[in-house]
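In: how would this look folded up:
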Amino acid sequence: MQAHDLEHDIDPIRVARLVNQLQPREMCFLRHSFTSEAATSVLHFALKQSSAVFITVTEGELTEYQDAINELAVRGLAGICVMSKTSPEKYANRFIESHVDSGDLRIIELHSKAKALFGEKLEIVFEFSVEKDMRILGATIDRLHKAGVPWIHFRLTAEPTVDEIKKMRDLFEFLRMRECFYLNVYFDLSSEFRHSWQIKTMNTFSGLTDVHIDLSNKCTHSCVFCGLYSPVARQLSAEKAGGKLDKYMTDLMRMEASAEKTLGILQSLPCDVQSLQFGGIGDPLMHPQAVDFMVLARERGFKVEVLSNMEYLEPADIEKLTKLGGKTGTEIRFIANISGGTYEQYKLTRPLQTEKAYEKVSRNVRLQKKKKKENNGVGAHVTLMYVINKLNIDGIAGIADLAIDLEVDDIWFKPMELHGDYTWKVMPDPKSDAAKVATNLRTAVEVLDKRKIKIFDRESCEQIIRESRF
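Out: Residues are numbered from 1 along each chain as shown. Here you go, the predicted model:
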């Protein structure tokens, strides 16, 4: 999501550079000025980049610039945000008598007028400010939402005061009582104070920043630290069930998110979501539409993170995803769980995997870095993950060589966590293994630092080295 104030802060070159990074369906909210050629030029550029561009208009501009707005609609403008204000003083007596269930009728009529002017070409939403009397505003928003307005925008000028926080919390409670559960309420998308308002007012009508979706429990790997697919987990589970995996385990292994439901979630997420992580008990890339979901998430402007063993991507998938990357380097991020610097080390943590599987994993990581270079730095960010367990402690130092060879962006030394009842056997011992882990980590870090490869969560890594415990 991008938001720019073209009314008061128009640096065409700076804004155009940012707009150039817009994804095909990424929300772009512009405070437009119809009298500024520079603002109009930036707006036209944004319309070429995204199909989800909104501009603000005053009530007067609805009619004054009707032709210009219609022209923008032809160019692909998604909608207009009408800046408005209720008039509670007109409804004081009615509030006492009937709880003002009707809201501000003038604004309801204004919405009808806008729909009549622009038909189905544009989505009509509204922008308000925190008002002296919020009683009419709540009923007005309720009426607008029931008339089809999908989201409301609040303009901000400063940090919220105690009085403003109380008013907004009361407003949100009113909207919940009116069952406006599909309404999104955004605080000023171009304001530095937005996150402070989100948190302090407990805005549950948007406010999501990070979303995790479990796509698939399916996997062909045999990671010893996995509570579902490790050989020990499968063996002990089968022994408990009389010699074969019970129905609970086999059903769990087959589970994956339905395509329809996942698409619905991706399309309905608030526009101010920042990142989306795909995971699962298995590998998310086992889902047949995983790449399509990632493409849609990037088209909406979300950063995408994928937890994967990296075997299931094909060159065509990597080519497609590279084009949807970004120059900041983290728009698409793969956390590649390899946990072995050589095939021999790899097989210790994945006893059923062949050397061919290891070679494909390495090829996929290497190909992503190659495509990123060919695409002038636009592409996927790759974090090499090394899950430290009892079987691969001796390979910690060696993983640095693989990280250098594959030219990964960073490496994550992640102490193993207990998953299920069966993985405790490969958990490193906090007492007997700690010193060896710390020594090998120190060696790996020294090598990586010399080659300027970053360490993800470096603070935790240094704590293990410093204190010889984890």
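
In: Pull out the buried residues from the strand ranked longest in the chain.
Out: In the chain, assigned by DSSP state E, the strand with the most residues is strand 381-388. By neighbour count, with 16 or more other Cβ atoms under 10 Å as the criterion, the buried positions of strand 381-388 are His381, Val382, Thr383, Leu384, Met385, Tyr386, Val387, Ile388. All C-beta spots, glycine's among them, are computed from the backbone N, C-alpha and C.

In: Okay, now the sheet partners of that strand, with direction.
Out: strand 332-337 (parallel), strand 410-415 (parallel) (DSSP bridges).

In: in the stretch 201-350 of the chain, which spans are strands?
Out: Taking DSSP state E, counting those that start in this stretch as the criterion, the stretch 201-350 of the chain carries its strands at 210-214, 275-279, 303-308, 332-337.

In: low-scoring stretches of the stretch 251-400 of the chain, by residue?
Out: For the stretch 251-400 of the chain, applying pLDDT under 70 flags the ranges 327-329.

In: now do 80
Out: In the predicted model, the stretch 251-400 of the chain carries pLDDT under 80 at residues 325-330.

In: For the residue nearest in space to the middle of the chain, give me its contacts.
Out: For the chain, the residue nearest the mean C-alpha position is Ser275 (1.8 Å; Cα atoms, centre = their mean). Residues counted as contacts of Ser275 (Cβ atoms under 8 Å, 6 or more residues apart in numbering) are Thr209, Asp210, Val211, Phe302, Lys303, Val304, Glu305.

In: how does it look with 10 Å?
Out: Thr209, Asp210, Val211, His212, Ala297, Phe302, Lys303, Val304, Glu305, Thr330, Glu331, Arg333 (Cβ atoms under 10 Å, 6 or more residues apart in numbering).

In: rewinding a little: alpha carbons of the longest strand of the chain, as PDB, please.
Out: Extracted in PDB, the C-alpha atoms of strand 381-388 (Å, rounded to 0.1, in the frame of the first residue of the first chain):
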ATOM      1  CA  HIS A 381      15.600 -12.400  -0.900                       C
ATOM      2  CA  VAL A 382      16.900 -15.800   0.300                       C
ATOM      3  CA  THR A 383      17.600 -16.500   4.000                       C
ATOM      4  CA  LEU A 384      19.400 -19.800   4.500                       C
ATOM      5  CA  MET A 385      18.000 -21.400   7.700                       C
ATOM      6  CA  TYR A 386      20.100 -23.900   9.700                       C
ATOM      7  CA  VAL A 387      18.000 -25.600  12.400                       C
ATOM      8  CA  ILE A 388      20.500 -26.600  15.100                       C
END
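
In: chain center to that strand: distance?
Out: Centre-to-centre, strand 381-388 and its host chain are 20 Å apart (Cα atoms, centre = their mean, to the nearest Å).

In: I'd assumed Glu305 was in contact with Gly279.
Out: Yes: with contacts defined as Cβ atoms under 10 Å, Gly279 counts as touching Glu305 at a distance of 8.6 Å.

In: For those two, list the residues in contact with both.
Out: Counting by Cβ under 10 Å, 6+ apart, the residues touching both Gly279 and Glu305 are His212, Ile335.

In: more crowded one of these two?
Out: Glu305 (22 against 17; other Cβ atoms under 10 Å).

In: any idea how far Asn440 is from the more buried one?
Out: Remark: distance between Glu305 and Asn440 (Cβ to Cβ, to the nearest Å) = 27 Å.

In: cool, and Thr140?
Out: Distance from Thr140 to Asn440, by Cβ to Cβ: 64 Å.

In: of these two, who's got more company?
Out: More neighbours surround Thr140 than the other of Thr140 and Asn440, with 26 against 22 (other Cβ under 10 Å).

In: As CSV, could you dump the C-alpha coordinates of the helix or strand hosting the more buried one?
Out: Using DSSP states H and E, Thr140 maps to helix 135-146. The C-alpha trace of helix 135-146 is given here as CSV (Å, rounded to 0.1, in the frame of the first residue of the first chain):
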residue,chain,number,x,y,z
ARG,A,135,-22.9,10.3,18.0
ILE,A,136,-24.2,11.2,14.5
LEU,A,137,-21.0,10.0,12.8
GLY,A,138,-21.4,6.4,14.1
ALA,A,139,-24.9,6.1,12.7
THR,A,140,-23.8,7.7,9.4
ILE,A,141,-21.0,5.3,8.9
ASP,A,142,-23.3,2.4,9.7
ARG,A,143,-25.8,3.7,7.0
LEU,A,144,-23.0,4.2,4.5
HIS,A,145,-21.6,0.7,5.0
LYS,A,146,-25.0,-0.9,4.6
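
In: can you give me the strands for the stretch 1-150 of the chain?
Out: According to DSSP E, counting those that start in this stretch, the strands that the stretch 1-150 of the chain contains are 2-5, 28-31, 53-58, 79-83, 123-128.

In: Just tell me which of these ends up closest to Arg366.
Out: Set against Arg366 and scored by Cβ to Cβ, these come closest in strand 2-5, at 32.8 Å.

In: Now do the same for the closest one: mean pLDDT, whole number.
Out: Averaged across strand 2-5, the pLDDT comes to 67.

In: Quick check: the gap between Asp11 and Val125.
Out: Separation of Asp11 from Val125 (Cβ to Cβ): 26 Å.

In: more crowded one of those two?
Out: In terms of neighbours (other Cβ under 10 Å), Val125 is the more surrounded of Asp11 and Val125; the figures are 22 against 12.

In: got a pLDDT number for that one?
Out: 96.

In: nearest spatial neighbour of it, skipping sequence neighbours?
Out: Nearest residue to Val125 in three dimensions, chain neighbours excluded: Cys81, at 4.9 Å (Cβ to Cβ, 6 or more residues apart in numbering).

In: Please apply the same query to Arg178.
Out: Using Cβ to Cβ, 6+ apart, the closest residue to Arg178 is Asp142 (4.5 Å).

In: Touching, that neighbour and Val185? I think so.
Out: No: in this structure, Asp142 is not within contact of Val185 by Cβ under 10 Å, at 11.9 Å.
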